[in-house]
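K.L.:
Fold the following, please.
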Amino acid sequence: MVLATANPGKLREFQRLLGERVELVGLGDVELHEPGTTYEENARAKAEQARDATGLPALADDSGIEVPALQGWPGPHSARWMGPEASDRDRLLGLLARVGAETPQDRRARYVAVVALAAPGAGTVAAAGTCSGVLTEAPRGDRGFGYDPAFLSDDLGVTFGEAGDEAKDGVSHRARALRALLDTGALDRL
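P.N.:
Reported below is the predicted structural model:
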């Protein structure tokens, strides 16, 4: 099965979450477009583009971090709000600076993920997952990717950047979305 991403962190995380159930391969140089305004629209679009480009069943996700005090920003734009040249670290530090300047007393945040599966000759199935926490004032830990070093998980009491893979995989938004997708039986029908 192809995972519709060029992000090596996501590929490793999805392979851990799926275990030996399926072998995932990265998408390579295929450019995916995210035409939607919601996580689900973008996850479905990426899964269908990857399926159409490869002829293989394709799994995709769209995820982001939402800060309620900033009306849910950056949301579905979490990976793109600073432009294509920005690194994960740039976006992380930019988000912390904005929260520190605009809502320093309310640092609540939540991660949201929608995972979609598109198979040749079949419809696309999607499922969502969330997890809640607080943004720290500075990054902590060097594990994970994206905003993980500043996301202090309500479930774990440490940032995802400090948490081990097994702990994070038990409570993350992406893991919850994938479990919800697996509960539909869509993977078993391939």
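K.L.:
got a list of what the closest residue to Leu96 other than its chain neighbours touches?
P.N.:
Spatial nearest neighbour of Leu96, excluding adjacent residues (C-beta to C-beta, 6 or more residues apart in numbering): Ala150 at 5.8 Å. C-betas here are computed from N, CA, C, even on glycine. Counting by C-beta atoms under 8 Å, 6 or more residues apart in numbering, Ala150 makes contact with Leu92, Leu95, Leu96, Leu135, Thr136, Ala138, Pro139, Arg140, Thr159, Gly161.
K.L.:
centroid residue for the protein?
P.N.:
Centroid-nearest residue in the chain, with C-alpha atoms, centre = their mean: Ser63, separated by 3.7 Å.
K.L.:
partners of that residue in the sheet?
P.N.:
Ala113 (DSSP bridges).
K.L.:
wait, isn't it in contact with Tyr39?
P.N.:
Yes: with contacts counted by C-beta atoms under 8 Å, Ser63 reaches Tyr39, the gap being 6.6 Å.
K.L.:
Need the overlap of contacts for the two.
P.N.:
Val112, Ala113, Val114.
K.L.:
Among those, which one sits closest to Ala175?
P.N.:
The shortest approach to Ala175 among the shared contacts of Ser63 and Tyr39 belongs to Ala113, at 8.6 Å (C-beta to C-beta).
K.L.:
buried stuff in the helix or strand Arg174 falls within?
P.N.:
Using DSSP states H and E, Arg174 sits in helix 173-183. Buried residues in helix 173-183, defined by neighbour count with 16 or more other C-beta atoms under 10 Å: His173, Arg174, Ala175, Arg176, Ala177, Leu178, Ala180, Leu181, Leu182.
K.L.:
And for the nearest residue to Arg174 once chain neighbours are set aside, the neighbour number?
P.N.:
Among residues not flanking Arg174 along the chain, Ala113 sits closest, at 4.5 Å (C-beta to C-beta, 6+ apart). Using other C-beta atoms under 10 Å, Ala113 has 23 other residues around it.
K.L.:
do Cys131 as well
P.N.:
By other C-beta under 10 Å, neighbour count at Cys131 equals 23.
K.L.:
quick one: secondary structure of it?
P.N.:
strand (DSSP: H, G, I helix; E, B strand; the rest coil).
K.L.:
And it, how far from His33?
P.N.:
27 Å (C-beta to C-beta, to the nearest Å).
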